[in-house]
Structure formats: structure tokens, C-alpha cells
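S.K.: Coordinates only, no sequence provided:
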Ligand code: MG
């Protein structure tokens, strides 16, 4: 049931230690192995002469310079940021979550995404969802109620809905949100086209469920325009260039009164465990990417009561 990810791993070496980062690139953001390879070559040329003392501030400084190499390339930049963070953890011989000062006790449960399929296949997929306490369902079709009815025949777990920019009519959307709330749905993600903030604001002002931005919110700079259009934002390392900006975004979004979700693309355990260090700052987590792919070179992260466990390994994950 798992798919193949085209994620690209980045390795940084310093003083005999290694940090591994990852770029997971869904096609709709325009990055691929060629663009990432070209960007990482430039980043390597910049990083090679440096032998920095790594800590949170110096990594943020390096990432500001890496960001300035070229616009875009968010996932490629995230891979450098994640590798720097893992290298820092390896140098300090401490788990990254500890260095970043997050509280593992605040880890929210993560949802497990159920790709829509025939009832027979869905039944099969539900077995993979067993360790998870929340199901995420992608909607935005002309038969959204049928999809939820099918899922509801299989499970009574809470559901997060991702409309993936697929709704167009405001009144129909509001009507659907009311019905979804009655059927155990807890949150709505990206109801309308990413640039249609007016419709999102209209729905957010009336919706009984919290409405989250995903595609409408990529980087920190996007937050300014979103405070009235959504109740919360979905932060993904692959959109926001990594942990350095992700932590800043989380702080700024909180200050703006927004709720927080941490999400993912189809990362391996490397990217997922990096995202997991941000998760305790968030209200919701959707960091299931590595459980959806079949070419994860690392062990799956540990789960405890449907929550990703922040382990005491230096980097959080182990090679298979
Ligand atoms: Mg989404």
C-alpha cells in the first residue's frame, strides 16, 4: 500500500562527524532532483570553506546565507538545514530535541493519511492506520460525503480533512463543514485555492471547525496576510526551508493568535524526525510521511499512543 518517495538525502561532514538532511519534493512546488542537485552544488561551494561552531544561532546565520544563494529551492534548503541540525546533535552527542529545548511530553498525536480508494483497498489501508489515533482524509471531490461515509464504515477515529484547495462554492463548503463536524471531523485544511483568501476568511468566520492554511502558507513572510483568513497554519519543513525558519514561524504564528499544525511531504524517517522536533510546539501533527513510503532507508520512528516518540539517539533515527 506504500508508495515510492523521490526524496533526496544530503550529507554534511565536519570533523569526522556526519549530519544527514533530506529534500522531499512533491512535483507541484517545482523542485526535482535536478534543481535540488544544482542548488546543493552551490550550497556546498559556500559551505566547504567554513568550519563553524554549530549551535542554533550559527545554523540560523548559515541558513540566511544559504537562502540568499537563489530564490525558491525550499526543499533543497531544508535538506541543508536538517543536515546542519543533525550534525550539531552529533557534535554535541545529544538528541536534537534536547538541544532545541522542546518538551517531549507536549508531543501531539499524529494523523495517518488515508489515500482515497475502493472500500476493499481502504479496508486494507486501515490495517496500516492501526497504530495511529487520528485519520487524515483528502477531500475536494464532487463526492466528499461518500468518501467520509466509506471511512466512517471502517473506523470511528477522529478525522482531519484536507480539502487540498478543492472547494469552490462558499455556501456548499459551509454546509459540508457542518456535516463533517457531525461526523467526527476535527479540522479542515486548505478549503479553497491558495490565493483565494477572501473565501477562506468567509468560511473561517462561520465554520464550527478550525480552518488551516497549507498551500496558502509556505514561509514566515506569508503569515502576515493570513491572520484573518485562517484559524491556523500547517508548517512543513519542505515549504519553509527547515527547522531554523520553522521554529521562527511557529513563534510568530503563535504571537498572531494562530493555531499550529506541523505537516510533511513523503519524507523518510530523517525528515519526519526533524519535523517531530517542531511538533511539541504545535497543536496538531500530521507527520506520517515515512509510514506511507516503501523506500525508507531508515527504521520507522517509534510510536507511543499514536505519537512519534522523540528518542535519545543523537539524530533520532537509525539506518535499517
Ligand atoms: Mg495539505
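M.R.: Nice, thanks for sending it over. Please read all numbers here as calculations on a predicted model, not as lab measurements.

S.K.: Flag every residue of the stretch 51-200 of the chain that's near the ion.
M.R.: 162, 189 (Cβ under 5 Å from the ion). (Glycine included, C-beta is placed from N, CA and C.)

S.K.: Spell out the residue ranges of the helices in the stretch 51-200 of the chain.
M.R.: Along the stretch 51-200 of the chain, the stretches classed as helices by DSSP state H, counting those that start in this stretch are 56-67, 74-92, 96-99, 119-128, 144-154, 170-182, 197-206.

S.K.: just the angle between the fifth one and helix 119-128, please?
M.R.: Meaning helix 144-154. Interaxial angle, helix 144-154 versus helix 119-128 (axes from the mean of the first three to the mean of the last three Cα atoms, to 10 degrees): 60 degrees.

S.K.: Mind giving me the packing neighbours of helix 144-154?
M.R.: helix 119-128, strand 134-138, strand 159-162, helix 170-182 (3 or more Cβ pairs under 8 Å, 6 or more residues apart in numbering; DSSP states H and E).

S.K.: Make CSV out of these and add distance to residue 236.
M.R.: Below are these laid out as CSV (distance: least, Cβ to Cβ, whole Å):
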stretch, distance to residue 236
helix 119-128, 21
strand 134-138, 14
strand 159-162, 12
helix 170-182, 23
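
S.K.: sorry, back to before: out of the helices of the stretch 51-200 of the chain, which one sits most buried?
M.R.: Each of the helices of the stretch 51-200 of the chain was assessed for mean neighbour count using mean count of other Cβ atoms under 10 Å. The highest is helix 74-92, with a mean of 26.

S.K.: So for that helix, mean pLDDT?
M.R.: For helix 74-92, the mean per-residue pLDDT is 96.

S.K.: Was I right to think residue 60 contacts residue 242?
M.R.: No: counting by Cβ atoms under 8 Å, residue 60 does not reach residue 242; the two are 9.9 Å apart.

S.K.: Could you say which helix or strand holds the closest residue to residue 284 other than its chain neighbours?
M.R.: Nearest-residue entry for residue 284: residue 261, 4.1 Å, with adjacent residues in sequence omitted and distances by Cβ to Cβ, 6 or more residues apart in numbering. Residue 261 belongs to strand 259-263 when assigned by DSSP states H and E.
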